[in-house]
Each structure stands twice: as structure tokens, then as C-alpha cells.
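Need a 3D model of the sequence below.
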Amino acid sequence: MTPIALEHYLILGALLFCVGAMGFMTRRNMIVALMSIELMLNAVNLTLVAFNRMYQQAHTGQMFTFFIVAVAAAEAAVGLSIVIALYRANKSIRTDQADQLKGLERWTRSFGSFRRSTSRCSPSSSGCRSSAPS
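Residues are numbered from 1 along each chain as shown. Model (predicted):
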């Protein structure tokens with residue numbers, strides 16, 4: 001059995017990265033965009049592990065791959081929470097409607113009232129000064 005050459009891994013990684021990039025740039029569904037980003041990260045992982053297999057003196061390729069997998073997991077968690085917030089606000093997860101976060105005014109209003117209720121100074125207390133210029 002002949003070993004697989006480094007060029008084959010690099011070609012496969014480049015193809016996976018191109019498919020992910022095209023999916024990210026052309027699709028309007030946010031979940032598909034997140035999957036395309038994950039595909040691009042896995043293509044980079046494939047090339048890093050392939051180079052590490054070729055040059056086995058140090059395990060830097062595997063260390064970078066482990067770091068990328070950890071970052072991808074965090075990116076997936078944050079991305080899915082943004083998708084959920086976008087769906088709650090617009091009832092859609094299309095990326096062309098992502099700039100229209102009209103449903104979030106109530107959250108900002110409630111956050112503002114939370115900030116006012118937890119301040120140390122009340123308007124009637126004499127020891128507090130406002131930070132607005134006079």
C-alpha cells in the first residue's frame with residue numbers, strides 16, 4: 001500500500017476551503033453560513049495535520065489544530081445564540097435581514113431600566129452627582 005502524498009491532502013484541503021468560502025459568500029441562510037465557516041476551519045485543520053505528518057519533528061500542526069477546534073466550538077456556540085436571537089426578533093434567519101434587529105428594542109429598554117434600578121444613587125439622594133455636564 002502506497003502512502004498518500006502531501007499534495008493530495010493539500011488539494012483536498014484547498015477544495016474543502018473553496019467550497020466553504022463559496023457557501024459562505026453565496027448562501028443567505030445563517031445556519032448554512034455557520035456550517036460553511038466550520039468547513040473552512042476543518043480544511044485548515046486538514047492541511048495543518050498533513051504538514052505535521054510530513055514534518056514530524058514538532059507537533060505544532062496538531063497543537064494549532066487543537067486550538068482551532070476549541071475556537072470553532074466557541075464560534076458555534078456564539079453563532080447559534082446569535083441565530084436564536086435573530087430568529088426571535090425577525091422570525092427569519094436570512095443574513096440579508098440580519099441588520100434589521102427591530103425586536104431587540106424591548107431588551108435594550110429592559111436593560112436600561114435594570115441599570116437604573118441597580119445604580120447606587122437615587123435621584124432624591126443629595127450625595128450623588130450626575131455625570132452630565134452642567
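
Scan the protein for its longest helix.
helix 60-90 (DSSP state H).

what mean pLDDT does that one have?
The average pLDDT for helix 60-90 rounds to 87.

cool, and stretch 93-108?
Per-region confidence: stretch 93-108 scores 64 on mean pLDDT.

Which strands or helices does the longest helix of the chain pack on?
In terms of contacts (3 or more CB pairs under 8 Å, 6 or more residues apart in numbering; DSSP states H and E), helix 60-90 is packed against helix 30-54. C-beta coordinates here come from the backbone N, C-alpha and C atoms, glycine included.

From Val83, how far off is His21?
Not His; residue 21 is Ala. According to CB to CB, to the nearest Å, Ala21 and Val83 sit 20 Å apart.

picking that back up, to the chain's geometric centre, what's the distance from the longest helix of the chain?
The chain centroid and the centroid of helix 60-90 are separated by 5 Å under CA atoms, centre = their mean, to the nearest Å.

In it, which of the residues would be classed as buried?
By neighbour count on 16 or more other CB atoms under 10 Å, the buried set for helix 60-90 is 61, 64-65, 68, 72, 79, 83, 86, 89-90.

Then stretch 45-61?
So, applying 16+ other CB under 10 Å, buried residues of stretch 45-61: 45-52, 61.

What are the contacting residues of that stretch?
6, 9-10, 12-14, 16, 62, 64-65, 68-69 (CB atoms under 8 Å, 6 or more residues apart in numbering).
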